[in-house]
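Colleague: Model the following, please.
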Amino acid sequence: MNMIFENELRHELAMLRAEVRELRDHRDIAALFDTFFFFEDRKSMNDEWAASVFTDDVLLELPPEDYRGIAGLAAHMTEVVALFGPTHHTTTDCHADVHGDHAVVRVNLTATHQHVSDGAVPLIVWGYLEADARRTAAGWRLSRMNFAKVMRTGEAPAGYAFDENLNVITVGD
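Modeller: Got it, this is the predicted structure:
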């Protein structure tokens, strides 16, 4: 085989490897959101679920309150989803800007929450998630996730209300 042809093949192989890695990174990052909401909607979150999605030092900026760290996260999220009956979360248009072992991510979200009490108007929110992801020894994990609400319809769960920025706030006794 001549040297020019071998060099071209090596170059093409290196480019293909880089492209496959980029595609795999994007797929793996998008799958974190799929896994998060798959288990949240089924109300089956546990410590293994949390470890498969988040870093140990994760910061979740989600209603009704922020939460830091993976310790106790599954129990916290179980309490949050218990405010509602069935839920359905749909994510689309995951965009990950990957730089080495770090990524900045944005994904659109539509979330429907049926209330536990009969007759309450379901809460539907539209917005997007902004997140940071890190490549770890176990694969990509989210280190921060923030929900930016764009609009909503329906009622907050019992004991909560919305402020002027569509944030969920606790209603005092």
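Colleague: Now for residue 163, how many residues are close by?
Modeller: Residue 163 is surrounded by 8 other residues when neighbours are defined as other Cβ atoms under 10 Å. No exception for glycine: its C-beta is placed from N, CA and C like everyone else's.
Colleague: Tell me, how many residues neighbour residue 158?
Modeller: If you count neighbours by other Cβ under 10 Å, residue 158 ends up with 11.
Colleague: my read: it touches residue 117, true?
Modeller: Yes: counting by Cβ atoms under 8 Å, residue 158 touches residue 117, with 6.6 Å between them.
Colleague: Now the element after the longest helix along the chain, going C-ward?
Modeller: For the chain, the helix that runs over the most residues, judged by DSSP state H, is helix 3-41. Next in sequence after helix 3-41, counting helices and strands by DSSP states H and E, comes helix 47-53.
Colleague: which residues touch that next one?
Modeller: Taking Cβ atoms under 8 Å, 6 or more residues apart in numbering as the criterion, the residues outside helix 47-53 that touch it are 32, 35-36, 39, 70, 73-74, 77, 138, 141-142.
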